[in-house]
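Asker: the following comprises the amino acid sequence and a computationally predicted model.
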Amino acid sequence: MRLLIDYRAPIRGRERGLVMPTIYLSIILPTLAFAGFVVLASLVGKGDRPAFSAPLRVFICYVVAVSMYAGLSGRDLWPFAAWRYVAYAVGDTGGFTKLVGLDETGREVPLDTRTLEPLEFAAVMGDLDWTTKDIARINGMMRFILKRTQEGLAHAHEGRRVGEFSRLLGRFAAPVFHVAVTPWSDRDHLPNRIEQLRLYAVYWQATGEEAHIVKQELITSVGP
């Protein structure tokens, strides 16, 4: 028995009611939003000021209105982005992992997060899940981090760029914004060497509106 499917079959009324809104929201609306942005922007002259330029006032109102719609509706209408909301409850206690380096004198020093580029430091720290008790795997990752850290510190001493993050457009791309710590940007305050890495489990407790560290436990360390 053969099953024949006729792709020319018309869309039923109920199906059409489901398909059309999807097409409108995913194709037509973003196209109109971008077209409106381009057209209104082209009407604004160089040096125009809102007090004397009606096209500029319309353009500003359009940008604000579409930005609010994209943000509140959760739909991306390029170049207008949706606002991603994340909400969760935070208890009175918690913990996190902390990775520090040890210099030749045994002093703990903060690491420069750029040394792991193009990997993201926060993502790598997330992989150091000490709760799995797989210390062998964690030590293997930390040996890799130690090697990259030592290479990055050598670059910093030589005045070279720390990290290997690059973009296709090179110097024409937008500047990189570093959220995490970049202490090795100052060549006058660099550690001489990083001999060892230590991974800590840090526990905190909130009292009122303030949080303070309760204790810090050493999970593992790697080095020569």
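Answerer: Cool, the structure landed. Numbering: from 1, shown residues only.
Asker: can you give me how far the helix ranked longest in the chain is from the chain middle?
Answerer: Longest helix in the chain, counting residues (DSSP state H): helix 135-157. The chain centre lies 22 Å from the centre of helix 135-157; the measure is Cα atoms, centre = their mean, to the nearest Å.
Asker: buried ones in that helix, by neighbour count?
Answerer: By 16 or more other Cβ atoms under 10 Å, the buried positions in helix 135-157 come out as 138, 142, 145-146, 148-149, 152-153, 155-156. For glycine as for every other residue, the C-beta is placed from the backbone atoms N, C-alpha and C.
Asker: give me every residue that touches G45.
Answerer: Residues near G45 by Cβ atoms under 8 Å, 6 or more residues apart in numbering: 53, 55.
Asker: can you tell me how far it is from E151?
Answerer: Per Cβ to Cβ, to the nearest Å, G45 is found 52 Å from E151.
Asker: please apply the same query to R114.
Answerer: From R114 to E151 the distance is 11 Å (Cβ to Cβ).
Asker: where along the protein do the strands fall?
Answerer: Secondary structure of the chain (DSSP state E): strands at 93-102, 108-109, 196-207, 210-222.
Asker: export these to TSV and tack on mean pLDDT, mean neighbour count and distance to F172?
Answerer: TSV is the format used below for these (pLDDT from 0 to 100; neighbours: other Cβ atoms under 10 Å; distance: least, Cβ to Cβ, whole Å):
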stretch	mean pLDDT	mean neighbour count	distance to F172
strand 93-102	90	16	34
strand 108-109	92	14	35
strand 196-207	91	16	36
strand 210-222	90	12	40
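Asker: make a markdown table from the ones you listed and add distance to Y85 to it.
Answerer: A markdown table is the format used below for the strands of the chain (distance: least, Cβ to Cβ, whole Å):
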| stretch | distance to Y85 |
| --- | --- |
| strand 93-102 | 21 |
| strand 108-109 | 37 |
| strand 196-207 | 23 |
| strand 210-222 | 23 |
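Asker: nearest to D188, out of those strands?
Answerer: Closest to D188 of the strands of the chain, according to Cβ to Cβ: strand 108-109, at 14.3 Å.
Asker: outline the domain layout of the protein.
Answerer: As recorded under automatic domain parsing, the domains making up the chain are 13-73, 93-222.
Asker: same list (those domains) but as a markdown table, adding distance to A81.
Answerer: Formatted as a markdown table, the domains of the chain follow (distance: least, Cβ to Cβ, whole Å):
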| stretch | distance to A81 |
| --- | --- |
| domain 13-73 | 6 |
| domain 93-222 | 15 |
